[in-house]
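Novice: I'll drop the sequence and a predicted model, then ask my questions.
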Amino acid sequence: MSLNRTALYPLHESAGAKMVPFAGYEMPLQYPTGIVWEHNHCRQSAGLFDVSHMGQVSISGTGAASDLEALMPVDLQALQVGQHCYALLTNSEGGVIDDLIITRRGADDFMLVLNAACKLSDIEYLRQCLPNLCIRYDSHLCLLALQGPCAVDVLAAEIEGIQDLVFMQGREGTIGDVPCYVARCGYTGEDGFEITVADQHACLVAQRLLAHHTVEWVGLGARDSLRLEAGLCLHGQDLTADTTPIEAGLGWSISRARRAGGTREGGYVGSEKILQQQRDGVDRRRVGFMIEEKAPVRHGAVIIDPDGKQVGEVTSGGFGPSKNTPVAMGYVATAWSNEGTRLHAVVRGKPRAIRVTAMPWVAHRYVRN
Amino acid sequence: MSEFRADLKYSESHEWVKLEADGSVLVGITDHAQDALGDVVYIELPDVGDDMEAGAEVAVIESVKAASDVYAPISGEVLETNQALQEDPGILNRSPYDMGWFMRIRPNDPSSLEDLLDETAYRVLVEEG
């Protein structure tokens, strides 16, 4: 199978990126600066990420808000134009098909940003469930993420007044005459923006941003360590069709109106299971782990109790450059999920001491109103 | 560009060995290998006194990205391991052939070094992928 390339490919190549296959795309894993450097640069300055492999899908038509509400536990009736919302596509068992960002672009007009690995199956599912809506996947759009404490100054120099957006708000703007859509959100825990731009202008916009001395390319490698330290889930690992939002600790993402006792309680795929879990509790929970030793504990490592019995599994783990220690998250049986609980993770056949800890490891720096 | 050295022998799995004046052999991983692994954050070394069999896993390198095995290029007994790598694993990225050696071994059969690749052969292996 041949791999897709984003419109920014020539820039990655000239920047000396190490390209790897990811979700059907040839994507930059890292640049010559290396993952740790890129990670730290994003935390301290501003990192530019090509995330054009993600699916940008518009959904429009009469009744779009209520039709979409049947598929995800969020309050789209109350979502204002230009407002973004983190949402989960759930299956009949309450499992998570995908996590996404949904934006209202107009009264009956929404935009979804879907995970690259899920986007094609998501679109097929959405078309099946929403036959009366117009669902358009625009594969000729790039998505750039500009993340880090310097991102706001860089973008404010390009788009007047963009600093007035708060976390999860977006609007149109132009960067060097190129029309863009800019949202204040991201996947690093830092303040930052995601910029939608047409393929044919994407290199121009990226080069303009890179011309700011604070901005450097950051690859997928550091994107993973940044989101991990921020305690954010990666769909396919920390969140799957077999994990529910309640098990994953994402109950906060279910809008008040859709929860038990809300004005539009339930009414989405899998809501019976999720409402029941919110009422009765869950058997396992997603938690963070402090690793007591220096060796990283990675995805797939089995977690055992003091008797050696399996009580969970690591779903994401690695080295956290900002913490300068290994960090990991995963699922454990509820009885073992309290903060401070001491357990072991099996790495290469040897038990390694770990401790349940609160997430995130690095505090979020979102700009809220 | 990766660095290659004429005074070393190489394995196909990207370890290098260096014959020392006292007949012992230093083992490490090549510049090409460290570059492919990226930022190294942890290294698990064998115990002194371990007998290692050519081709067997003897150490583990954890980079930010993943864990990778290091294989014994020749059979022998581990005489010494490089403790500096455990204090500061980044040494491996900065100095794979000097500061970043993994272990000193006493080869069971000194002539087994002859079975390894010389610089030219290893360079061909790397460059032809």
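Specialist: Nice, I can see it.
Novice: now could you export just the CA positions of the top helix by length along chain B as PDB?
Specialist: Counting residues, the longest helix found in chain B (DSSP state H) is helix B:119-127. Output in PDB follows, covering the C-alpha atoms of helix B:119-127 (Å, rounded to 0.1, in the frame of the first residue of the first chain):
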ATOM      1  CA  GLU B 119      34.600  -1.200   8.300                       C
ATOM      2  CA  THR B 120      34.100  -1.500   4.600                       C
ATOM      3  CA  ALA B 121      31.700  -4.400   4.800                       C
ATOM      4  CA  TYR B 122      29.700  -2.700   7.600                       C
ATOM      5  CA  ARG B 123      29.600   0.600   5.700                       C
ATOM      6  CA  VAL B 124      28.100  -1.300   2.700                       C
ATOM      7  CA  LEU B 125      25.600  -3.000   5.000                       C
ATOM      8  CA  VAL B 126      24.400   0.400   6.400                       C
ATOM      9  CA  GLU B 127      24.500   2.400   3.100                       C
END
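Novice: what's the distance between the residue nearest to the spatial centre of chain B and B:V78?
Specialist: Residue closest to the average C-alpha location in chain B (CA atoms, centre = their mean): B:G28, at 2.1 Å. Distance, B:G28 to B:V78, by CB to CB, to the nearest Å: 14 Å. All C-beta spots, glycine's among them, are computed from the backbone N, C-alpha and C.
Novice: Repeat that for A:L114.
Specialist: From A:L114 to B:V78 the distance is 51 Å (CB to CB).
Novice: which stretch of helix or strand covers A:G267?
Specialist: Using DSSP states H and E, A:G267 falls within no helix or strand.
Novice: can you pull the contacts of it?
Specialist: A:E69, A:A70, A:R258 (CB atoms under 8 Å, 6 or more residues apart in numbering or on different chains).
Novice: Dihedrals phi and psi, it?
Specialist: Note on A:G267: its backbone torsions stand at phi 80, psi 20 [degrees, to the nearest 10].
Novice: closest point of the stretch 251-369 of chain A to chain B, which residue?
Specialist: Per CB to the nearest CB, A:F319 is where the stretch 251-369 of chain A lies closest to chain B, at 4.2 Å.
Novice: quick one: contacts for that residue?
Specialist: Shown in contact with A:F319 (CB under 8 Å, 6+ apart): A:S225, A:P296, A:T325, A:P326, A:V327, B:V41, B:Y42, B:E62, B:V64.
Novice: which ones are touching the closest residue to it other than its chain neighbours?
Specialist: Spatially, and ignoring its direct neighbours in sequence, A:F319 is nearest to B:V41 (4.2 Å; CB to CB, 6 or more residues apart in numbering or on different chains). If you count contacts by CB under 8 Å, 6+ apart, B:V41 has them with A:K294, A:P296, A:F319, A:P326, B:E62, B:S63, B:V64, B:P89.
Novice: Dump the contacts of A:G267 into a markdown table; add secondary structure as well.
Specialist: Below are the contacts of A:G267 laid out as a markdown table (DSSP: H, G, I helix; E, B strand; the rest coil):
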| residue | secondary structure |
| --- | --- |
| A:E69 | helix |
| A:A70 | coil |
| A:R258 | helix |
